[in-house]
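1. let's see this in three dimensions:
(2 chains)
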Amino acid sequence: MRQETMFVDPQRCIGCRACGAACRECSTHKGYSMIFVDYIDRSETTATMPTICMHCNEPTCAQVCPADAIKQDENGVVMTALKPRCLDCRNCVNACPFGVPKYNSAMHLQMKCDMCYDRTAEGLKPMCASVCPTGALTFGKYEDVVPLRRTKPVNIHVFGNQRVETKVYLMLPTDAESVEVNSRDSGIDPAIHESWIDTQVEDADKSNEF
Amino acid sequence: MSKVQYLDNIIDRFGPHLHDAPDGGWLADRTIDKTVSTHCPYCGMQCGMKLLVEDKKVVGLEPRYEFPVNEGRLCPKGVTAYLQVHHPDRLQYPLIKRNGIFERASWEEAFDLIVSKFKALQEEHGKDSIAVYSGSSLTTEKTYLVGKFARLGLGTRYVDYNGRLCMASAAAGNKKAFGIDRAANPWSDIPFAEVLIIAGANCAETFPIINGFLWRQRDNGGSWIVIDPRETPTARQGDIHLQLRPGTDVAVTNGILNVLINEDLIDQAFIDSRTNDWEATRELALKFTPDVASQISGVPAEKIVRAAKLYGRAKTGMVMHARGIEHHSNGTENVLSYINLVLATGKIGSRGRGYGTITGQGNGQGGREHGQKADQLPGYRMITDPEHRKYIAGVWGIEESELPEAGLSAVEVFEKMRQGEIRGLLSICSNMMVSLPDTNKVRESLEAVEFNVCIDFFMSEAARYADVVLPGTTWAEDEGTTTSGEGRVIKINKAIDPPGEARRDWEILQEIARRMGRGKFFGFNSPREIWDELRVASKGGSADYYGITYEKIEAQDGVFWPCPTEESTGTPRLFEERFAHPDGKAKFHAIEYKGAAEKPDDEYPLIFTSGRIVHQYLSGNQTRRIGFLVQQCPEPFVEIHPETALKYQINDGERIKVVSRRGEGVFPALVVNTIRPDTIFIPYHWGEQLAANQITNAVLDPTSKIPEFKACAARIEKIHSRELPILGKDRKGRDASEVQKGK
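-> Next up, the predicted model:
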């Protein structure tokens, strides 16, 4: 039996940011949200996309940490940097291919989603997946969640030359085996038009720094 | 006579200020003394939640996984709801306005002033010179008491409430077609419907938690037909989006009915055995070929055909709608025309086959059933019916003749204030300066009224106009019931005592009544005592609550009315065997297309429509003070299609003027492909110069008296503004109504 993990289904996201509000209630980082919710392109669509830590099997953030401050637990959950070790260098913030870790300048500490370690240890679901109205963020076992869905779980992401396998699954409406991001070949314009309504939430959850 | 003279002073003292942390800050280690199982104070979903209490303060929340409706799920408003409880803007003592400045007063002073003014007005101008205006975010006990207070405490006929702006059309349509006003099915039926028709309902933003049911239906292989002038998140996620011109629903529904008839997708056996008046409806629908429907609505004919076939061929299906079709001068007819589809296909009365309205206010359902509506008495009884009057007079211990006659609806009451016929106002749980149509007229009404009392727990935009403001309580400080959108009566539980000198709303009303010399009718010591009288008052009525006790609600996770006896466990699904009309049959209504009262012309060439966003709740009096919510969308905007923007040379983010025959406002343009080129949209949660209702048309539906918030004519003007939308860190304190006190 596989362990419980997160399933991210952007198709279901309604952009409400209940996940972000609930994330702040987590005891290990009270008042700070570790979640990003972005409009894809508000001028064209109301589609939004939640980004949470994907909990890589071989986490880039931990690999680039000069102080070995970022640890995985026995289930592969990648934890927030250990406070006594964190050097303020922000290597992890810059290196994460998903752009997840945040830097808390007041506490001189890197912070990231630890999949609500304090809650899961007590058998409770993480806050974000508990409140998500649509199941865009779902916490559960693979064999319990996937058969109920019509989307395909994918946990291999290719960023140019980098290939990462993640504990968290992205649920896709396609048959793809992996998600590939390569700005040169994908036809995605990196300078995509961003509506002011999206930049408006910059402070709220678009910055990697508190 | 009370104007707002010193707005800065009011905003400085009472907000809205942005507040974004629990009492004492974001502390990781708290000792939680108790966890109170209750519900969210906001929309009609009434999600279960738990409040965490430390040292008599609400300091956090925990999902209530075991409550069957939401199983822990909450929207961002729900997650942050507890932050309003200890908000620095909370009103903590009575206020009396002297020389334009609100001064702190004792309860004694405030009551004395209110009673002397009310008595003087009534002696000089008659009992009906005072109006009571209420809301549906109150518990059912309080709404019951508001009706009784107005009619017995003050003896006035004028009592109405903000449900007029919410559920009135749905209620009237349901009553006409089915003989009863309640959602036909529990939400838990939704996952079993093959096809959903979701009309004028931006479920994703206005009712987020229903999306859990919608997606379970999707996971089961179901599909959605979404009917909306905007590509809302719900419309985007649906299978067929009929992006109609605002106000043309009847053309679309008649067009669908036309296809159902021609494709033989109707259920003749059901029509024959369980309905009346089909023939006229059928004949009318035959005129609305897909092409005719398309011409009126702007929806491609083949899409109408595709939608009709999808719904018609499915074995199960449900139709759900919300304010988008109801906020029209023909709102009741719109509702009836959607019900025609349900009845013609016989899709009602079993699991996955049904119909429902999506209730906006938390207690939109309970709040309209027990007597705070101008024409109704408790138990959904009619004040015009001699038998009904006699029964309630009996429960209240008065002669039937002492019971006032029917009053007038919300907008009409405010008209009477301008005309000088109503001279005193007591409002509770309502922010009319945001919620009523035609803000400029509402302001005139509030300024015209001679004596104005407001009960609220925050200084709303409407409260600013009051002579006396009395501090009431939030949902966390009192107990009582509400009835959710599916007809489930649930229990709100008290977590803490009211702050400062604030008092529970029902105590305030009782004290005024007592001092008006009517104390013998208001001897309640607790919400439970009010509830027990309400149960008796509703007994035998259409909304029969007699068998619902607090204990039964807790034991069953809510009770669906009707629940007429102690033994009954309630009625989750209606119409399984019969409808509520005396002959047990439902009624078709042949609905001719009329459209909006005000149509675009050369001077005002665009259709204006208003609505909501996910981060604000109704008039925003509670949610515009929560930092997290305001950050997501600090100010209203106007959605414009790129084609229209190009025509007027308007850039994305540029501030432009929106003008109608009622008023005008300046809003940043959000240039998006997700709206029709002939339509513009503004979310309505803000007040004063940011109010979308400066533009709206206060014309009423003749049956439900709901105003036409969803369609009027407007134009846009480029004003060459250099001011940008409120961005990033600069947003705080940039706008007069959202000033942030120095951090």
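2. so who does residue B:27 touch?
-> With contact set as C-beta atoms under 8 Å, 6 or more residues apart in numbering or on different chains, residue B:27 has these partners: A:30, B:59. From N, CA and C alone the C-beta is placed, and that goes for glycine too.
3. now do the same for residue 91: its pLDDT.
-> Answering for chain A, as no chain was given. Note for residue A:91: predicted pLDDT of 94.
4. oops, wrong one, chain B.
-> For residue B:91, the model assigns a pLDDT of 98.
5. need the contact list for it.
-> Listed by C-beta under 8 Å, 6+ apart, the contact set of residue B:91 reads B:14, B:456-459, B:469, B:471-472, B:502.
6. can I get the residues you listed in JSON lines including distance to residue A:48?
-> Below are the contacts of residue B:91 laid out as JSON lines (distance: C-beta to C-beta, whole Å):
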{"residue": "B:14", "distance to residue A:48": "34"}
{"residue": "B:456", "distance to residue A:48": "34"}
{"residue": "B:457", "distance to residue A:48": "33"}
{"residue": "B:458", "distance to residue A:48": "30"}
{"residue": "B:459", "distance to residue A:48": "34"}
{"residue": "B:469", "distance to residue A:48": "39"}
{"residue": "B:471", "distance to residue A:48": "38"}
{"residue": "B:472", "distance to residue A:48": "36"}
{"residue": "B:502", "distance to residue A:48": "38"}
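7. is it true that residue A:39 touches residue A:197?
-> Yes: counting by C-beta atoms under 8 Å, residue A:39 touches residue A:197, with 7.0 Å between them.
8. ok and the residue in chain A nearest chain B?
-> Per C-beta to the nearest C-beta, residue A:31 is where chain A lies closest to chain B, at 3.0 Å.
9. closest residue of chain B to chain A?
-> Relative to chain A, the nearest point of chain B is residue B:26 (3.0 Å; C-beta to the nearest C-beta).
10. contacting residues for that residue?
-> So residue B:26 contacts A:24, A:30-32 (C-beta under 8 Å, 6+ apart).
11. check what pLDDT it gets.
-> 92.
12. now it: phi and psi?
-> When read as degrees, to the nearest 10, the backbone of residue B:26 gives phi -80, psi 90.
13. same check, this time on residue A:24
-> Main-chain dihedrals, residue A:24, degrees, to the nearest 10: phi -70, psi -20.
14. likewise the one 10 residues further on?
-> Backbone geometry at residue A:34, expressed as degrees, to the nearest 10, gives phi -100, psi 10.
15. count of neighbours near it?
-> Using other C-beta atoms under 10 Å in any protein chain shown, residue A:34 has 26 other residues around it.
16. same deal with the one 10 residues further on?
-> Around residue A:44 sit 16 other residues, with neighbours defined as other C-beta under 10 Å.
17. what sits against it?
-> Residue A:44 neighbours (C-beta under 8 Å, 6+ apart): B:672-674.
18. likewise residue B:345?
-> Here residue B:345 is in contact with B:260, B:265-267, B:270, B:311-312, B:317 (criterion: C-beta under 8 Å, 6+ apart).
19. repeat for residue B:332
-> Each residue near residue B:332 by C-beta under 8 Å, 6+ apart is listed here: B:169, B:172-173, B:176, B:701, B:703-704, B:706.
20. helix or strand right after the helix or strand of chain B with the lowest mean pLDDT?
-> Scoring the helices and strands of chain B by mean pLDDT, DSSP states H and E places helix B:627-632 at the bottom, with a mean of 90. Later in the chain than helix B:627-632, the nearest helix or strand by DSSP states H and E is strand B:638-640.
21. quick one: residues in contact with that next one.
-> Contacts of strand B:638-640 (C-beta under 8 Å, 6+ apart): B:230, B:650, B:656, B:658, B:667-672, B:674-675, B:680-682, B:716.
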